[in-house]
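Participant: coordinates only, sequence not included:
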């Protein structure tokens, strides 16, 4: 089914997809696994679509994956995210937090 007109699922991305992506990013970093993922979470009409794109070539990506990464990049960034990783010195548990900067 093709959706036409303006729509916004950023809340779904934030509440359901982002926590899964945080785990995927953590695993890919730990294991140096190249990855690329992009989600279009809205279309704001004249303001255009909103995307959340994560790419991590990790120095191992194939030429094909590098081409995919290049093609996935939006024309201009809509949102900038920052990642913080904290390890509790007592429990050794690591928490990865991804937050919106702009």
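Facilitator: Happy to help now that I have it. Everything numeric here is computed off the predicted structure, so don't read it as measured data.
Participant: packing partners of the lengthiest helix in the chain?
Facilitator: Ranked by residue count and defined by DSSP state H, the top helix of the chain is helix 18-31. If you count contacts as 3 or more Cβ pairs under 8 Å, 6 or more residues apart in numbering; DSSP states H and E, helix 18-31 packs onto strand 35-43, strand 49-56, strand 94-100. In short, each C-beta sits where N, CA and C put it, glycine included.
Participant: identify whichever of those strands lies nearest to residue 67.
Facilitator: Closest approach to residue 67 among the helices and strands packed on helix 18-31 (Cβ to Cβ): strand 35-43, 10.2 Å.
Participant: relative to strand 35-43, how tilted is the longest helix of the chain?
Facilitator: Computed by axes from the mean of the first three to the mean of the last three Cα atoms, to 10 degrees, the angle separating helix 18-31 from strand 35-43 equals 160 degrees.
Participant: quick one: helix 18-31 to chain centroid distance?
Facilitator: Chain-centre distance of helix 18-31: 10 Å, with Cα atoms, centre = their mean, to the nearest Å.
Participant: okay, the angle between it and strand 49-56?
Facilitator: Using the same axes, to 10 degrees: helix 18-31 against strand 49-56 is 20 degrees.
Participant: buried set for helix 18-31?
Facilitator: Of all the residues in helix 18-31, those buried under the rule 16 or more other Cβ atoms under 10 Å are 18, 21-22, 25, 28.
Participant: just want the angle from that helix to strand 94-100.
Facilitator: Angle, helix 18-31 to strand 94-100, by the same axes, to 10 degrees: 120 degrees.
Participant: can you tell me what sits against helix 18-31?
Facilitator: Residues from elsewhere that reach helix 18-31, judged by Cβ atoms under 8 Å, 6 or more residues apart in numbering: 33-35, 37, 52, 54, 56, 58, 83, 85, 94, 96-98.
Participant: may I see these organised as a markdown table, with neighbour count added?
Facilitator: Formatted as a markdown table, the contacts of helix 18-31 follow (neighbours: other Cβ atoms under 10 Å):
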| residue | neighbour count |
| --- | --- |
| 33 | 13 |
| 34 | 16 |
| 35 | 18 |
| 37 | 16 |
| 52 | 21 |
| 54 | 18 |
| 56 | 18 |
| 58 | 13 |
| 83 | 13 |
| 85 | 13 |
| 94 | 11 |
| 96 | 15 |
| 97 | 10 |
| 98 | 17 |
